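In: just a sequence and a predicted model for now, questions to come.
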Amino acid sequence: MRHRLHTTIPVRWSTICEHRRFPTQINSRFGNSSDALYLRRTVWCCRNSYGDQSEMEQVGVCASNSFPDVVMGDPESLEKKIAAIRAAGPQKLQVIADFDGTLTKYWINGHRGQSSHGLLQQENSKYDVKRRELAEYYHPLEFNPTIPLDEKAKLMEEWWEKTHALLIEGGLTYDAIKSSVANATIAFREGVVELFELLEEREVPVLIFSAGLADIIEEVLRQKLHRSFKNVKIVSNRMVFNLSGQLVSFKGKTIHVLNKNEHALDMAAPVHDHLGDTNGPVDDNASVKKRTSVLLLGDHIGDLRMSDGLNYETRISVGFLNHNVADSLESYRYAFDVVHLNDAPMRGVVNLVSQLCST
Ligand SMILES: [Mg+2]
């Protein structure tokens, strides 16, 4: 986990606000080294050698629409990680990404974007009501700090399994998934296609971990990106449909919000069968485990645990802080190497990957 280091970059908050408008003018001790390009072009640092808590209070004061787009706590550490991953080469790199709120936008035309789970509308609407009632009961328990973790995990499993049972009982069809996605308020961040294309070109696998439903995520990929990627795998709950296209069961162990990182690699299922890719998977789980450089993308601090099953040597974590920014920025900045704010596009990550994969 991160340790607290103070950068020596002499940047004050007022300077950050100024540089936000003129990003290429920021100067740092990284000089012109290529490793520093990502830092100089896209990353602003709120921590400095002479401003500590007071600096963060200023961030809070600047709350409304005044947060920088990108923040990092320890540029020196990031610089070293970038250099280490570049030295290891793209053949050692893999990307692990959360789906909702990470690859997808948090706000869409002023409305809160829907999650892959939340967008689902069954043909029999009384089952939508039943699932919503379950959510109203269990969701507060998920965030109840007085419930021990093991007890909470059982409650989450109970919630997920009841929800899955309602989907089966209500006769969910694949056609309902297609129309739900078509009508949903869900969109990828700008730059996700560029990111996947670049990673596919460099043969870097992408694992998308989600406690949602793999079949829905695949349909969102299909409808919103209009193409498939050989290197992308979904690790999530997978449905089994009968010949009439009706849901009859779920494959394997239930993946819920508190266990999505356990055994996830073992449960990784190639997306290729479902997206019509005939070339087969580009990477199996064993070779994924041999990729010792990790780029992790998430929107919750708990997403950092997505790499728990990997024996990685270097990990760069990128967080998307979507809401509750004033209260959470400090903890995100210490947890992640880079934090994107303001529902930022994925282009900063594209720039980062370009550097990680450059020779
Ligand atoms: Mg998420």
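Out: Happy to help now that I have it.

In: for the residue of the stretch 101-250 of the chain found nearest the ion, which non-adjacent residue is closest in space?
Out: As assessed by Cβ to the ion, the ion sits closest to residue 101 within the stretch 101-250 of the chain, at 3.9 Å. To be clear about C-beta, it is placed using only N, CA and C from the backbone, and glycine gets the same treatment. Leaving aside its chain neighbours, residue 101 sits nearest to residue 299 (3.9 Å; criterion: Cβ to Cβ, 6 or more residues apart in numbering).

In: wait, that neighbour touches residue 319, no?
Out: Yes. With contact defined as Cβ atoms under 8 Å, residue 299 counts as touching residue 319 (6.7 Å).

In: so what pLDDT did the residue of the stretch 101-250 of the chain closest to the ion get?
Out: Looking at residue 101, its pLDDT stands at 95.

In: quick check, it in contact with residue 319.
Out: No. Using Cβ under 8 Å, residue 101 is not in contact with residue 319; the gap is 10.5 Å.

In: which one of the two has more residues nearby?
Out: Taking neighbours as other Cβ atoms under 10 Å, residue 101 and residue 319 compare with residue 319 leading, 28 against 20.

In: state whether the more buried one is indeed within a helix.
Out: No. According to DSSP: H, G, I helix; E, B strand; the rest coil, residue 319 belongs to no helix; its state is strand.

In: so it sits against residue 339, correct?
Out: Yes. Under the criterion of Cβ under 8 Å, residue 319 makes contact with residue 339 at 4.7 Å.

In: that older thread, contact partners for the residue of the stretch 101-250 of the chain closest to the ion?
Out: With contacts taken as Cβ atoms under 8 Å, 6 or more residues apart in numbering, residue 101 has the following neighbours: 113, 115, 299, 300, 320, 322.

In: recalculate using a threshold of 10 Å.
Out: Residue 101 is in contact with 113, 115, 189, 298, 299, 300, 303, 320, 321, 322, 323, 343, counting by Cβ atoms under 10 Å, 6 or more residues apart in numbering.

In: repeat for residue 204
Out: 90-95, 196, 198, 231, 282-283, 291, 293, 295, 353, 356-357.

In: that older thread, what is in contact with residue 299 and residue 319 at once?
Out: Counting by Cβ under 10 Å, 6+ apart, the common neighbours of residue 299 and residue 319 are 98, 102, 332, 336, 340.

In: neighbours of the fourth one, how many?
Out: The tally of other residues near residue 336 (other Cβ under 10 Å) stands at 26.

In: so which bits of the protein are right by the ion?
Out: Contact residues (Cβ under 5 Å from the ion) of the chain with the ion: 98, 100, 101, 299.

In: measure the third one to residue 323 for me?
Out: If I follow you right, that is residue 101. Taking Cβ to Cβ, to the nearest Å as the measure, residue 101 falls 9 Å from residue 323.

In: residues in contact with both of the two, list them for me.
Out: Joint contacts of residue 101 and residue 323 (Cβ under 10 Å, 6+ apart) are 299, 343.

In: what about the contacts of residue 204, which are in helices?
Out: Within the contacts of residue 204, residues falling in helices by DSSP state H are 196, 198, 353, 356.

In: so residue 104 sits against residue 114, correct?
Out: Yes. Residue 104 is in contact with residue 114 according to Cβ atoms under 10 Å; the separation is 8.7 Å.

In: between these two, which is the more surrounded one?
Out: Comparing residue 104 with residue 114 by other Cβ under 10 Å, the one with more neighbours is residue 104, at 23 against 20.

In: about what we covered before: dump the ones in helices among the contacts of residue 204 to JSON lines, plus pLDDT and neighbour count.
Out: JSON lines is the format used below for the ones in helices among the contacts of residue 204 (pLDDT from 0 to 100; neighbours: other Cβ atoms under 10 Å):
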{"residue": "196", "pLDDT": "97", "neighbour count": "26"}
{"residue": "198", "pLDDT": "97", "neighbour count": "16"}
{"residue": "353", "pLDDT": "98", "neighbour count": "24"}
{"residue": "356", "pLDDT": "97", "neighbour count": "25"}
